[in-house]
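**Student:** just to be clear, the model below is a prediction. Sequence and coordinates:
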Amino acid sequence: MTTTIIENGLIIDGTGSEPRQGIVVTDGDRIVYVGDAEGYQKTGDERIIDAEGNAVLPGFIDTHVHMMFEYTPMEKRLTTPFSYMYYQAMKYMKETLDAGVTSVRDALGTDLGVKRAIEDGLITGPRIQLSINALTITGGHGDGMQINGDVLDISPSGYRGMPTGIADGVDEVRKKTREMLRAGAEVIKVHATGGVLSPTDHPEFTQYSFEELSAIVEEARFRKGVKVMAHAQGAEGIKNAVRAGIHSIEHGIYLDDEAIELMKEHGTYLVPTLLAPVAVLETAEEVGMPQSAVDKSLEVIEAHKESFTKAYKAGVKIAMGTDAGVFKHGTNLRELGLMVEGGMPPMDAIVATTKVAAECMGWEDKVGTLEEGKFADVVIVKGNPLEDIYSLADHDNILKVMKGGDLVKQ
C-alpha cells in the first residue's frame with residue numbers, strides 16, 4: 001500500500017490540543033507521522049492528498065449503534081425476507097462511513113459473521129465492537145412480547161450466532177452471558193431499566209437486581225476483562241449498575257446527584273445518546289413509531305438534556321453514542337451539536353467522539369487520535385468544525401474518509 005501524505009490541513013488530533021497546521025503521513029494501515037511538514041522527508045513516491053486548508057481529524061467513533069437494523073413500519077418488517085437485513089446493513093454501514101464514523105460499538109443485533117466480513121474485505125464498513133444481543137428480564141426492555149401476546153422484536157434473535165437475550169435470576173444471567181461470549185461478544189450489553197421503545201415498561205422502571213448485574217459483570221471479567229454496558233435510564237437502575245461495576249451507562253436519562261457521584265467514583269462512562277428521543281419524535285409518523293414511544297420521548301427529552309448537562313459539569317467521562325438504528329444511520333454527528341447545546345464546548349464534543357470514545361471501548365491503543373502507530377483512520381472535513389460543530393452533520397462537509405489507509409469516501 002502506498003505511503004500517503006495529507007498536507008495543507010488544520011490538524012485537530014482528537015486529544016484536545018489546540019489545532020495546528022501540519023501533515024499526516026500514513027503507510028499501509030497505520031499513521032507514521034503527524035507534525036510540521038518540515039519534519040518529514042518526502043521520497044517523491046508518496047500519494048499526496050491536499051486538504052486545501054480544511055480540518056483533518058481522527059475517524060469519528062460512535063459507541064452506541066445498531067448496524068443491522070433501522071426502525072421501519074411494522075408492515076414492512078413483516079413482509080421483508082429474513083436475509084434481506086444483511087444487504088440493508090451494507091447500506092447502513094456505507095452511510096456510517098460517509099458520515100466520517102470509522103469505528104462503532106454495536107449495542108445489539110450484529111453477529112460475528114458481519115464483523116468478519118468487514119475485516120476480510122468482503123463488505124465495506126466501520127470497525128465494529130460486538131455485543132451480539134442484550135440481556136433483558138422477562139417483560140422488560142428487549143422483550144418483544146406485545147400487549148396482544150404477539151412477539152415482535154425490533155431486531156430478530158434466536159437464530160445461529162444470535163442468542164435470545166431473555167434471562168431471569170443469577171444463574172440464568174450467568175449462562176446467558178456465557179452464550180453471548182460464545183457467540184463472539186466483545187462487550188456485554190444488559191438492560192438495567194425500562195426504555196422508550198418497549199411497550200410494557202417505562203424508562204424509570206428498574207429491571208435487573210444488583211445481584212444479577214454483579215453476576216453479569218463477574219462472568220464477563222472472567223473472559224480477559226470483558227466490559228459490560230448497561231441501557232440504564234432511571235436513577236435507581238443506573239445506581240445499581242454503577243455499584244455492580246458496569247463500565248458504561250447508556251442514555252442516563254434520569255441521573256440524580258448520587259448517581260453522578262457514583263459514576264465519578266467508579267470511573268463509569270456516560271454514553272448519552274441525546275439524538276435518540278429527538279429523532280424518534282422527528283421520524284415517528286414516517287416509520288410508524290408506536291404512540292407509546294412518542295409519548296415517552298416527549299416525556300424524557302428535557303430530563304435527558306438536563307442530566308447530560310449535570311454530568312458534564314460534574315466531570316463524568318462522556319463518550320459519544322447515538323442509538324443509530326432506532327433512527328436513520330449516517331446521521332450520527334448530529335449528536336455533537338446536541339452535546340454542545342447541552343453545555344459541552346465544541347472541542348470537548350470532538351474529544352468525546354474520538355479519544356474518550358476509544359477509551360470507553362478499550363481501543364485507545366488503536367484509534368481515536370492522530371498519533372504514530374495507530375490505525376490510519378482519518379477524516380477531512382470542510383472548514384473548521386470548532387467554529388461550526390453543526391456542519392459535521394452534513395455529509396457534504398465530510399470531504400474524505402480514510403479507514404486503515406484506504407479511502408472509503410472521496
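**Tutor:** Done, it's in.

**Student:** pull the contacting residues for the nearest residue to residue 262 once chain neighbours are set aside.
**Tutor:** Once flanking residues are discounted, residue 262 sits nearest to residue 242: 4.5 Å by C-beta to C-beta, 6 or more residues apart in numbering. Using the backbone N, CA and C atoms, a C-beta is placed for each residue, glycine as well. Applying C-beta atoms under 8 Å, 6 or more residues apart in numbering to residue 242 gives the contacts 249, 259, 262, 263, 266, 268.

**Student:** residue 273 now?
**Tutor:** For residue 273, the contact set (C-beta under 8 Å, 6+ apart) comprises 64, 250, 251, 321, 322, 323, 335.

**Student:** recalculate using a threshold of 6 Å.
**Tutor:** 64, 251, 321, 322, 323 (C-beta atoms under 6 Å, 6 or more residues apart in numbering).

**Student:** tell me which other helices or strands the helix or strand hosting the first one touches.
**Tutor:** Under the criterion of DSSP states H and E, residue 64 resides in strand 60-65. Contact analysis of strand 60-65 by 3 or more C-beta pairs under 6 Å, 6 or more residues apart in numbering; DSSP states H and E lists strand 101-106, helix 355-361 as its packing neighbours.

**Student:** re the thing from before, from the contacts of residue 273, which is closest to residue 314?
**Tutor:** Checking the contacts of residue 273 against residue 314 with C-beta to C-beta, the nearest one is residue 251 at 17.2 Å.

**Student:** correct me if wrong: that closest one contacts residue 234.
**Tutor:** No: counting by C-beta atoms under 6 Å, residue 251 stays clear of residue 234, with 9.9 Å between them.

**Student:** the helix or strand in which residue 280 is found vs strand 60-65, what angle?
**Tutor:** Taking DSSP H and E as the criterion, residue 280 maps to helix 275-287. On the basis of axes from the mean of the first three to the mean of the last three C-alpha atoms, to 10 degrees, helix 275-287 is oriented at 70 degrees to strand 60-65.

**Student:** list of residues touching helix 275-287?
**Tutor:** Residues contacting helix 275-287 (C-beta under 6 Å, 6+ apart): 71-73, 289, 293-294, 297, 300-301, 322-323, 326-327, 334-335, 338.

**Student:** what are the boundaries of the helices in the stretch 51-200 of the chain?
**Tutor:** Assigned by DSSP state H, counting those that start in this stretch, the helices in the stretch 51-200 of the chain fall at 74-78, 84-98, 112-119, 169-182.

**Student:** okay, those helices in TSV with distance to residue 285 and mean pLDDT next?
**Tutor:** Formatted as TSV, those follow (distance: least, C-beta to C-beta, whole Å; pLDDT from 0 to 100):
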stretch	distance to residue 285	mean pLDDT
helix 74-78	14	83
helix 84-98	21	97
helix 112-119	30	98
helix 169-182	35	97
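
**Student:** make TSV from those helices and add distance to residue 355 and mean neighbour count to it.
**Tutor:** Shown next, in TSV, are those (distance: least, C-beta to C-beta, whole Å; neighbours: other C-beta atoms under 10 Å):
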stretch	distance to residue 355	mean neighbour count
helix 74-78	38	11
helix 84-98	20	18
helix 112-119	23	17
helix 169-182	28	18
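
**Student:** reformat the ones you listed as TSV; add distance to residue 349.
**Tutor:** TSV is the format used below for these (distance: least, C-beta to C-beta, whole Å):
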stretch	distance to residue 349
helix 74-78	34
helix 84-98	18
helix 112-119	27
helix 169-182	31
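
**Student:** quick one, which of those helices is nearest to residue 23?
**Tutor:** helix 84-98 (23.3 Å).

**Student:** average pLDDT across stretch 213-230?
**Tutor:** For stretch 213-230, the mean pLDDT works out to 94.

**Student:** go on, stretch 12-30?
**Tutor:** The pLDDT scores in stretch 12-30 average 98.

**Student:** show me what contacts residue 235?
**Tutor:** Contacts for residue 235 (C-beta under 6 Å, 6+ apart) come out as 254, 256, 259.

**Student:** export those to CSV and tack on neighbour count, distance to residue 99 and secondary structure?
**Tutor:** Listed next are these as CSV, based on neighbours: other C-beta atoms under 10 Å; distance: C-beta to C-beta, whole Å; DSSP: H, G, I helix; E, B strand; the rest coil:
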residue, neighbour count, distance to residue 99, secondary structure
254, 21, 29, coil
256, 15, 34, coil
259, 28, 31, helix
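
**Student:** with distance to residue 386 and pLDDT as extra columns, can I get those in a markdown table?
**Tutor:** Shown next, in a markdown table, are these (distance: C-beta to C-beta, whole Å; pLDDT from 0 to 100):
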| residue | distance to residue 386 | pLDDT |
| --- | --- | --- |
| 254 | 32 | 96 |
| 256 | 33 | 97 |
| 259 | 31 | 98 |
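
**Student:** which stretches of the protein have low pLDDT?
**Tutor:** By pLDDT under 70, the low-scoring segments of the chain are 1, 144-147, 149-152.

**Student:** circling back: residue 389: which of the contacts of residue 235 is nearest?
**Tutor:** Proximity of those to residue 389 (C-beta to C-beta) peaks at residue 254, which lies at 26.3 Å.

**Student:** distance of that closest one from residue 202?
**Tutor:** 11 Å (C-beta to C-beta, to the nearest Å).

**Student:** do residue 396 as well
**Tutor:** 40 Å.

**Student:** span of stretch 44-55 from start to end?
**Tutor:** Using C-alpha to C-alpha, to the nearest Å, one end of stretch 44-55 lies 24 Å from the other.

**Student:** what residues does it touch?
**Tutor:** The list of residues contacting stretch 44-55 from outside it, by C-beta under 6 Å, 6+ apart, reads 2-6, 8-10, 12, 380-382, 384-385.

**Student:** no further queries at this time; thank you.
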